[in-house]
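1. Next comes the sequence, and after it the predicted model I'd like to discuss.
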Protein chains: 2
Amino acid sequence: MLSELQTPALVVDAAALDHNLRTMAAALPGARLRPHVKAHKCTALARRQAALGHRGFTCATVREVEGLAAAGLGEDLLLANEVLDARRLGALRARVTVAVDSEETIAAAAAGGVREVLIDVNVGLPRCGCAPADAGRLAALARRKGLEVRGVMGYEGHAMLVEDTQKRCQLVSDAMALLRAAHAEVGGDVVSAGGTGSFDRNPVATEIQAGSYALMDTAYQKLGLPFRCALSVLATVVSVGPSYAVADCGLKALGMDHGNPAIDGAKVWFCSDEHVTFAPEVPVRVGARIRVWPAHVDPTVAYHERMHLIAGDQVLESWPVDLRGW
Amino acid sequence: MLSELQTPALVVDAAALDHNLRTMAAALPGARLRPHVKAHKCTALARRQAALGHRGFTCATVREVEGLAAAGLGEDLLLANEVLDARRLGALRARVTVAVDSEETIAAAAAGGVREVLIDVNVGLPRCGCAPADAGRLAALARRKGLEVRGVMGYEGHAMLVEDTQKRCQLVSDAMALLRAAHAEVGGDVVSAGGTGSFDRNPVATEIQAGSYALMDTAYQKLGLPFRCALSVLATVVSVGPSYAVADCGLKALGMDHGNPAIDGAKVWFCSDEHVTFAPEVPVRVGARIRVWPAHVDPTVAYHERMHLIAGDQVLESWPVDLRGW
């Protein structure tokens, strides 16, 4: 029973999750989607994505790659991130592809025993990725080092949360023009890009790296996407003041980089380490259970040991968040 | 060796930690300080605090209380937080005192088998704590339920990070006037309050609940306290752009509620899940190691499995962050 869970507890609405997974699988069937596990860090959830036909996964950390491989989900794992020590990747019994964007990361992949790479191209977000004009040179270098270059990746992250749909599409389009040009120089079958905010607006990518769509959050919800907020933190009201109440879900149970969480029928005042102070429209009593909706799913999940799949008041399954850490 | 740590890695400068612990122990010897473990969540670090004479601890979660008890540090544990289910606390072989601020939390303490309580008083921060005028009534109620009322607590958290020292002192003073009045109604030996920002400016409290002083962060550093930033995240530069660089310490390795971290000799642009993008004053190379200084220590520590005690390039000890979760 939901009422028996100790709080704060990460809960996932089973119907919303199922809706999200099926909606995405219909839009991007099979290998057209390479789900990004950084958003949920949970092999049990990844298994559900695989059961719907997505058998390749995107990872942000070596630990995520290792965890998926250990869970038997290692058919085609992409570490969409640069590493300077690839030995843990090279030691895995799984198909592992790693992003490279420099001579150093190419050397690390080769030295670590990784066999396949994507050339990571900067398509407008100042983060990893080589200059588009440098992609061909790096691909040739990687091939000289004995690496199989499967293609390119380029994450248009600067477009992902732009609320104006037309502007978002334009940014995606501009970014993908850069990636397409780089791909022409690099070759290979794979053009990996995109995310939840561009899942249906990126015709260039051969595969989309969306992750947040499965659980969603209040930031992505603003975009009017066909996915539902499935993830919340169950909390208990532990104190009631004259015009506010306090629940036991604080900033150690929530990713705070996108700001405060939301509470239905209430205005959130602020979060402390273990508390959220909020003004409810209708008075709440001490001991009441509430749902706190995170602004950013990824760093929220990373604080929790488990997520509980629920339907109404029933806890259907409890899944370890087993891909945390590095 | 520091160079062998996989990044991101939480590192603690041994000399700075030692300075902080000794400085505080000199200012607030023995039971005058009840160190708050929520800031470091590490029993190995708590042992060092106990070795310097502080044998009672403050906790924010049941898990922290359980962990300290299991580590043999259960001489006098205060859960400075309200709970509606105290059974895990009542089951411990340790001296456990819990904060109460309502009829419901008093009933929960009694039902859960906890024997001692503090009346938690709201001294100006809209979070937990009863109205000062209600403290006497709640103390009487708790005693009727068979609970030992040890005194009061009241956290002047609204004063803690006020940079203007005079203003901070005034806020602390106003808050403690309320707590003193409530204490007169409640009785008992304990007046528990304060934090790192008021450790030497709170003459009312019989014990100070400071926690951040041990590791510190950039937010507390602005107050000009006699404590040094001991905690940083060791990161590796994984990519270098035309005017920026990217290291593998993102917002899943940092508490972000106080804003971006700091990097020496660089301007931080933004954090992503696994990256910090920054503009270094002097170019850095791919593979270089940097230190990232968190803005808020508590939620930073809560993301990490271990912290490494270091001296220069040497790793002296690796401590589990064993008090995470709830």
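-> Noted; the coordinates are in hand.
2. residues from the stretch 101-250 of chain A in reach of chain B?
-> A:101-102, A:104-105, A:122, A:126-129, A:131, A:157, A:236, A:238-242, A:244, A:246, A:248 (C-beta under 8 Å from any C-beta of the partner chain). For the C-beta atoms, the positions are set from N, CA and C on the backbone; glycine is no exception.
3. out of those residues, which are inside helices?
-> A:104-105 (DSSP state H).
4. Mind checking which of the residues of the stretch 101-250 of chain A next to chain B are buried?
-> A:101-102, A:104-105, A:122, A:126-129, A:157, A:236, A:238-241, A:244, A:246, A:248 (16 or more other C-beta atoms under 10 Å in any protein chain shown).
5. Sort out which residues of stretch A:58-72 are buried, please.
-> A:58-69, A:71.
6. now stretch A:188-197
-> Neighbour counts over stretch A:188-197 (16+ other C-beta under 10 Å) mark A:188, A:190-197 as buried.
7. of those residues, closest to chain B?
-> Using C-beta to the nearest C-beta, A:G195 is the member of the buried residues of stretch A:188-197 that lies nearest chain B, at 11.5 Å.
8. From A:G56, how far off is the closest one?
-> As for A:G195, its distance to A:G56 is 16 Å (criterion: C-beta to C-beta, to the nearest Å).
9. With A:Y303 instead?
-> 27 Å.
10. on that earlier part again, as a markdown table, the buried residues of stretch A:188-197 with pLDDT would be great.
-> Converted to a markdown table, the buried residues of stretch A:188-197 look like this (pLDDT from 0 to 100):
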| residue | pLDDT |
| --- | --- |
| A:G188 | 98 |
| A:V190 | 98 |
| A:V191 | 98 |
| A:S192 | 98 |
| A:A193 | 97 |
| A:G194 | 95 |
| A:G195 | 95 |
| A:T196 | 96 |
| A:G197 | 92 |
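11. Turn those into JSON lines, columns for secondary structure.
-> Below are the buried residues of stretch A:188-197 laid out as JSON lines (DSSP: H, G, I helix; E, B strand; the rest coil):
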{"residue": "A:G188", "secondary structure": "coil"}
{"residue": "A:V190", "secondary structure": "strand"}
{"residue": "A:V191", "secondary structure": "strand"}
{"residue": "A:S192", "secondary structure": "strand"}
{"residue": "A:A193", "secondary structure": "strand"}
{"residue": "A:G194", "secondary structure": "coil"}
{"residue": "A:G195", "secondary structure": "coil"}
{"residue": "A:T196", "secondary structure": "helix"}
{"residue": "A:G197", "secondary structure": "helix"}
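12. Closest one of the residues you listed to B:A15?
-> Of all the buried residues of stretch A:188-197, A:G195 has the smallest distance to B:A15: 43.6 Å, by C-beta to C-beta.
13. mean confidence score for the longest helix seen in chain A?
-> Looking across chain A with DSSP H, the single longest helix is helix A:165-186. Averaged over helix A:165-186, pLDDT sits at 95.
14. Counting by contacts, list what it packs against.
-> Judged by 3 or more C-beta pairs under 8 Å, 6 or more residues apart in numbering or on different chains; DSSP states H and E, helix A:165-186 is in contact with helix A:135-144, strand A:148-154, strand A:190-193.
15. Of all the residues in the longest one, which ones are buried?
-> When burial is assessed from 16+ other C-beta under 10 Å, helix A:135-144 yields the following buried residues: A:135-136, A:138-139, A:141-142.
16. Relative to A:L77, which of these is nearest.
-> Looking across the buried residues of helix A:135-144 and measuring by C-beta to C-beta, the closest to A:L77 is A:A142, at 18.2 Å.
17. who touches the closest one in this structure?
-> Counting by C-beta atoms under 8 Å, 6 or more residues apart in numbering or on different chains, A:A142 touches A:100, A:106, A:109-110, A:117, A:119, A:149.
18. try 7 Å this time
-> A:100, A:106, A:117, A:149 (C-beta atoms under 7 Å, 6 or more residues apart in numbering or on different chains).
19. Repeat that for A:C169.
-> A:R201.
20. I'd like the distance between it and B:L10.
-> From A:C169 to B:L10 the distance is 41 Å (C-beta to C-beta).
21. As TSV, the helices and strands packed on helix A:165-186 with distance to B:G312 would be great.
-> Below are the helices and strands packed on helix A:165-186 laid out as TSV (distance: least, C-beta to C-beta, whole Å):
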stretch	distance to B:G312
helix A:135-144	36
strand A:148-154	39
strand A:190-193	42
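22. the bottom helix or strand of chain A by mean pLDDT?
-> For chain A, counting by mean pLDDT, DSSP states H and E, helix A:218-221 ranks last in confidence among helices and strands (a mean of 92).
23. what's that one in contact with?
-> With contact meaning C-beta under 7 Å, 6+ apart, helix A:218-221 is reached by A:161, A:196-197, A:212, A:229, A:258, A:262, A:293-296.
24. and which of those residues is nearest to A:E274?
-> Taking the contacts of helix A:218-221 together and measuring to A:E274 by C-beta to C-beta, the closest member is A:P294, at 15.5 Å.
25. list the contacts for that closest one?
-> The contact partners of A:P294, taken as C-beta under 7 Å, 6+ apart, are A:217-218, A:231, A:233, A:254-255, A:261, A:300.
26. which of those residues lies closest to chain B?
-> The closest of those to chain B turns out to be A:G255 (C-beta to the nearest C-beta; 7.0 Å).
27. who touches that closest one in this structure?
-> A:294-296, A:298-300, B:251.
28. at 8 Å instead, please
-> Applying C-beta under 8 Å, 6+ apart, the residues contacting A:G255 are A:294-300, A:302-303, B:251-252, B:256.
29. the longest strand in chain A is where?
-> strand A:231-240 (DSSP state E).
30. Give me the helices and strands touching that strand, please.
-> strand A:9-13, strand A:245-247, strand A:289-293, helix A:297-301.
31. low-confidence ranges in the stretch 1-150 of chain A?
-> Across the stretch 1-150 of chain A, nothing is flagged by pLDDT under 70.
32. The stretch 201-326 of chain A too?
-> Ranges of the stretch 201-326 of chain A meeting pLDDT under 70: none found.
33. and after the helix or strand encompassing A:T58, which helix or strand comes next?
-> In this structure, A:T58 sits in strand A:56-59 according to DSSP states H and E. Heading C-terminal from strand A:56-59, the first helix or strand you meet, by DSSP H and E, is helix A:62-70.
34. The helix or strand just after that following helix and chain B, any residue contact?
-> Per DSSP H and E, the first helix or strand lying C-terminal to helix A:62-70 is strand A:76-79. No. Between strand A:76-79 and chain B, judged by C-beta under 8 Å from any C-beta, nothing touches; the nearest distance is 10.6 Å.
35. Given strand A:76-79, what are its sheet partners and their directions?
-> strand A:56-59 (parallel), strand A:96-100 (parallel) (DSSP bridges).
36. distance between the longest one and the chain's centre?
-> Which is strand A:96-100. 17 Å (C-alpha atoms, centre = their mean, to the nearest Å).
37. Alright, I will stop here.
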